[in-house]
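Engineer: Just need the structure, nothing else, for what follows:
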Amino acid sequence: LLNMSAGAVCYRLVDNRAELPENEINSRFYSVTGISPDDSFIKWLTDNALRCENGKGLRADYFDSLTARWFNVETGISGDSFVSIFSDITKNKNFEEQFSALIDATPDMICFKNGDGGWVMANKTMLNVFDLADKDYAGKTDAELAEMSPENMRHVFETCLVSDEQTGAGAKRKRRHHNF
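Structural biologist: Numbers count the residues shown, from 1 in each chain. A predicted model of the protein is given here:
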């Protein structure tokens, strides 16, 4: 841990507050992150640790307002301690914001899905048509989203499920167009 090239911290929860011993922060943490372990950072670490359930780790993004940088943080549990590894993803976040603005500018519906059919990203047109603009759609499949949608839109999700199965069966990149 102490010799990792990424920024890493090891900490414990004491009275529901992250306790960060100085010797449990690797030397690269400050140079990689530029983060000072102030109260807001300690609070974020505490919340992060409390979200780890049943010994499972957690992956989350953290924005440090003092450095104006984004970090992907992977947190694992080792005994009664938590280990969080910080990787700077500021460039990726900036690209995501630019890409999101680009796809939002088109009137066409655009949706990107992962290999399991879970929605990763959709433009505003798509979210508005499917009445998902104010819902947490990330990672959900069409079947799960159909349950959250108005009755008159469920058949559209069923059509998308069929085309996803056909696309997956071919194991090639495919482009599907649906007319509604």
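
Engineer: Which secondary structure element is home to Pro107?
Structural biologist: Taking DSSP states H and E as the definition, Pro107 sits outside all helices and strands.

Engineer: show me the contacts for it.
Structural biologist: Shown in contact with Pro107 (CB atoms under 8 Å, 6 or more residues apart in numbering): Thr125. In short, each C-beta sits where N, CA and C put it, glycine included.

Engineer: quick one: average pLDDT of the lengthiest helix in the chain?
Structural biologist: For the chain, the helix with the greatest residue count under DSSP state H is helix 154-170. Helix 154-170 shows a mean pLDDT of 77.

Engineer: Quickly find the element holding the residue most central in space within the chain.
Structural biologist: When CA atoms, centre = their mean is applied to the chain, the residue found nearest the centroid is Ala60 (6.1 Å). Assigned by DSSP H and E, Ala60 belongs to strand 58-64.

Engineer: from memory the residue nearest to the centre of the chain sits against Trp70, does it?
Structural biologist: No - under the criterion of CB atoms under 8 Å, Ala60 makes no contact with Trp70, lying 11.0 Å away.

Engineer: what's the weakest-modelled helix or strand in the chain?
Structural biologist: When the helices and strands of the chain are compared on mean pLDDT, DSSP states H and E, helix 28-33 comes out lowest with a mean of 71.

Engineer: before we move on, back to that, now the element after the strand holding Ala60, going C-ward?
Structural biologist: Strand 58-64 is succeeded, C-terminally, by strand 69-78 (DSSP H and E).

Engineer: For that next one, name the packing helices and strands.
Structural biologist: Here strand 69-78 touches helix 39-51, strand 58-64, strand 81-88, helix 90-104, going by 3 or more CB pairs under 8 Å, 6 or more residues apart in numbering; DSSP states H and E.

Engineer: where in the protein is pLDDT low?
Structural biologist: Applying pLDDT under 70 to the chain flags the ranges 1-5, 22-24, 26-28, 53-55, 168-180.

Engineer: Tell me the secondary structure at Asp131.
Structural biologist: Secondary structure, DSSP: H, G, I helix; E, B strand; the rest coil: Asp131 is coil.
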